[in-house]
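K.L.:
take this sequence and fold it.
(chains A and B)
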Amino acid sequence: GESVGLHLPTLSVQEGDNSIINCAYSNSASDYFIWYKQESGKGPQFIIDIRSNMDKRQGQRVTVLLNKTVKHLSLQIAATQPGDSAVYFCAETHLGGSNYKLTFGKGTLLTVNP
Amino acid sequence: NAGVTQTPKFQVLKTGQSMTLQCAQDMNHNSMYWYRQDPGMGLRLIYYSASEGTTDKGEVPNGYNVSRLNKREFSLRLESAAPSQTSVYFCASSGDRSWRSPLHFGNGTRLTVT
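P.N.:
Numbers count the residues shown, from 1 in each chain, chains lettered A, B, ... in the order given. Purely as a prediction, here's the structure:
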């Protein structure tokens, strides 16, 4: 899962394995969640999103699972490829005061070994 | 389809100098955003523009100003740069102001203030 330190949590997997990246959130009123992929030197790229009325959503090779009971979000990547190597981070939307806020996590570094 | 384009890609400033970071999107999006990304901090919102003609402060607006020039363009100005503003700056856009739709990011401006 993600941490508050300068060093990102890391996950190292073998090519072809499945990867699971975790994210914890704290606000029980969060109602929208999104995963981004950020490759070195590039901007974040949208992967998949999910609303709080769902528990699971699937995309191409990716699945997002939402457990509202324990405030946990995960991203599963099937058959991980070297091109999946990147920093992955989650974000969530909740009402903060009178405005909605989108809050980003600090990320997990995924390294795929050939 | 270029998406979100940011210029310049790199910039070095001396303390006290000013500069404007440019951002343009070609997706006909209503909302645009400026974020900064620092190690261990995640993405933090500087300013946003929910629609043409409006701008609002985000989490870390001090030392910055913005201009929503038209629907396509949203610029960020540093009037008197400080070393604490050394960061990677990302512009993003989204189709609506709900904070519940994916943000599309540019590839960033890497700014160093000496």
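K.L.:
quick check: phi and psi on B:P83?
P.N.:
Per-residue torsions, B:P83: phi -50, psi -30 (degrees, to the nearest 10).
K.L.:
over to the one 4 residues further on?
P.N.:
Here is the backbone geometry of B:S87 (degrees, to the nearest 10): phi -170, psi 180.
K.L.:
one more: B:S84?
P.N.:
Dihedral angles for B:S84 - degrees, to the nearest 10 - are phi -70, psi -10.
K.L.:
what separates it from chain A, distance-wise?
P.N.:
16 Å (CB to the nearest CB, to the nearest Å). Where you see a C-beta, it was placed from the backbone N, CA and C, and this is true even at glycine.
K.L.:
contacting residues for that residue?
P.N.:
B:G63, B:V113 (CB atoms under 8 Å, 6 or more residues apart in numbering or on different chains).
K.L.:
report pLDDT for it.
P.N.:
Note for B:S84: predicted pLDDT of 97.
K.L.:
check contacts around the residue in chain B positioned nearest to chain A.
P.N.:
For chain B, the residue positioned closest to chain A under CB to the nearest CB is B:F105, at a distance of 3.5 Å. Contacts for B:F105 (CB under 8 Å, 6+ apart) come out as A:G43, A:P44, A:Q45, B:V4, B:F90, B:C91, B:A92.
K.L.:
low-confidence stretches in the chain?
P.N.:
Unless you meant another one, I'm taking chain A. A:1-7, A:97-98 (pLDDT under 70).
K.L.:
that's the other chain; I wanted chain B
P.N.:
For chain B (pLDDT under 70), the answer is B:1.
K.L.:
which positions in chain B make contact with chain A?
P.N.:
Those residues of chain B that sit near chain A, judged by CB under 8 Å from any CB of the partner chain, are B:4, B:39-45, B:90, B:92, B:98-100, B:102-108.
K.L.:
how about the contacts made by the most centrally placed residue in chain B?
P.N.:
In chain B, the centroid-proximal residue (CA atoms, centre = their mean) is B:W34; its distance is 2.7 Å. Contact analysis of B:W34 by CB under 8 Å, 6+ apart lists B:21, B:23, B:45-48, B:58, B:64, B:66, B:74, B:76, B:89-92.
K.L.:
again, 7 Å this time
P.N.:
B:W34 makes contact with B:I46, B:Y47, B:V66, B:L76, B:Y89, B:C91, according to CB atoms under 7 Å, 6 or more residues apart in numbering or on different chains.
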